[in-house]
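> output the structure for:
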Amino acid sequence: MELSDLKVFLTVAEQGGISRAANVLHRVPSNITARIQKLESELNQELFIREKNRLKISASGEQLLDYAKRILSLANQALEELNNEAPSGLLKVGCMEAVAASRLSPVLVDYHKLHPEVELEIMTSPTGLLIEQVLAGEQDLALVADPAEDDRLASYPVFQERLVMVSGAALAEVSHPDQLGTNPTMLGFSSQCAYRNRLNQWLQQGKGLAKVLEINSYHTLLNCVTAGMGVGLVPEKLLELYPFKEGLNTHQLPEDISHSVTHAIWRKDNQRPSVQAFYAVLKAASNLNLSNQS
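Modelled structure (predicted):
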């Protein structure tokens, strides 16, 4: 297998078709088709299922996809480290939306000033999905909450957060889940969201059975809370950016729920200079004492 063939295969899989992959790679479709056929011949496997004019990745293709991502990532890392010690190339960073909104902007500004040759790609997702993406090589580095220990991952704390439960202004101070009634509504991201899981953990201490309303952005979540549609758990710092906070009440929860630390994670086998440089900027922006961290 040639690396260039794997790149073609990966692009076709990501773009969902020959023509779109050809546009991305600036090649003619016939060249893309020939490369895929060559790779299928070498592997003696059908990588895509042809359905009329559409391509659907096969089971063998899905299996190769994971290897292709890791192989190409390692190849890029090797070239970067051997040919240029300075950070360069594409750096894919995943981040929880709350952290992206409240912490990431100065980090990105400083990083771009220091390393303008690095092309940054930023994506927001819940913690659980970000961890999966880093392990799969789809993200180089991610900012997550409550990561479980994993021998494959480097994990370092960078930001300390105070989480508060938010409700509509009409709701008086709450110190126990039962004060929310028998069927409270919890607003949050998917079940892979660390903050949602913390709030759910607290609500389960009461007698009620919480309903879940899934939200895909914190701005939407806060708007729904302001309208009295339920409660949510957010970093206190995020509220500094919300223009309608006079319509909210905040409620302090126990320390094990409210105290959260955001970690920077990356694969231990991904020691690219661009990753290490990004972590260095994160350390400089951190609100923790990181003097003992390498």
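> going forward, measure contacts between C-alpha atoms and count neighbours the same way
Fine.
> from V144, how far off is the closest residue to K211 other than its chain neighbours?
With sequence-adjacent residues excluded and distances taken as C-alpha to C-alpha, 6 or more residues apart in numbering, K211 is closest to T185, at 4.7 Å. Going from T185 to V144 by C-alpha to C-alpha, to the nearest Å gives 25 Å.
> for V118, same thing?
V118 is 22 Å from V144, by C-alpha to C-alpha.
> name the residue in the two with the higher neighbour count.
V144 (29 against 16; other C-alpha atoms under 10 Å).
> could you check how far the more buried one is from A285?
Taking C-alpha to C-alpha, one finds V144 at 16 Å from A285.
> what's the answer for G181, then?
Counting by C-alpha to C-alpha - G181 and A285 are separated by 41 Å.
> higher neighbour count, the two?
Using other C-alpha under 10 Å, the more surrounded residue of G181 and A285 is A285, with 16 against 13.
> related to what we said a few turns ago, who touches the residue nearest to K211 in this structure?
A210, K211, V212, L213, M229, G230, V231 (C-alpha atoms under 8 Å, 6 or more residues apart in numbering).
> buried ones among the residues you listed?
A210, V212, L213, M229, G230, V231 (16 or more other C-alpha atoms under 10 Å).
> where do the helices sit along the stretch 101-250 of the chain?
Ranges of helices within the stretch 101-250 of the chain are 104-114, 127-135, 194-203, 218-226, based on DSSP state H, counting those that start in this stretch.
> what lies in contact with the first one?
Spelled out, that is helix 104-114. Applying C-alpha under 8 Å, 6+ apart, the contact partners of helix 104-114 are V118, A277, F278, V281, L282, A285.
> next, format those residues as JSON lines and append pLDDT and secondary structure.
Compiled in JSON lines, those are given as follows (pLDDT from 0 to 100; DSSP: H, G, I helix; E, B strand; the rest coil):
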{"residue": "V118", "pLDDT": "92", "secondary structure": "strand"}
{"residue": "A277", "pLDDT": "95", "secondary structure": "helix"}
{"residue": "F278", "pLDDT": "96", "secondary structure": "helix"}
{"residue": "V281", "pLDDT": "96", "secondary structure": "helix"}
{"residue": "L282", "pLDDT": "96", "secondary structure": "helix"}
{"residue": "A285", "pLDDT": "93", "secondary structure": "helix"}
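> would you turn those into a markdown table with distance to Q205?
Shown next, in a markdown table, are the contacts of helix 104-114 (distance: C-alpha to C-alpha, whole Å):
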| residue | distance to Q205 |
| --- | --- |
| V118 | 47 |
| A277 | 43 |
| F278 | 40 |
| V281 | 40 |
| L282 | 36 |
| A285 | 36 |
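> list just the nearest of these to S190.
L282 (26.3 Å; C-alpha to C-alpha).
> the closest one reaches L143, doesn't it?
No. Counting by C-alpha atoms under 8 Å, L282 does not reach L143; the two are 10.0 Å apart.
> for this protein, what are the low-confidence residue spans?
Filtered on pLDDT under 70, the chain yields the residue ranges 53, 80-84, 290-294.
> tell me the bridge partners for Q160.
V261 (DSSP bridges).
> how close does it sit to H263?
Distance from Q160 to H263, by C-alpha to C-alpha: 9 Å.
> and those two? which has more neighbours close in?
Set Q160 next to H263 and count neighbours by other C-alpha under 10 Å: H263 wins out with 19 against 16.
> for G16, see how far away R54 is.
8 Å.
> between the two, who's got more neighbours?
Counted by other C-alpha under 10 Å, R54 and G16 do not tie: G16 has more neighbours, with 15 against 11.
> look up how far I49 lies from that one.
11 Å.
> shared neighbours, those two?
With contacts defined as C-alpha under 8 Å, 6+ apart, the residues shared by G16 and I49 are L55, K56.
> quick one, which of the helices of the stretch 101-250 of the chain is nearest to T250?
Among those, the nearest to T250 by C-alpha to C-alpha is helix 218-226 (10.8 Å).
> check which residues of the closest one are buried.
Neighbour-count burial for helix 218-226 [16+ other C-alpha under 10 Å]: Y218, H219, L221, L222, N223, C224, V225, T226.
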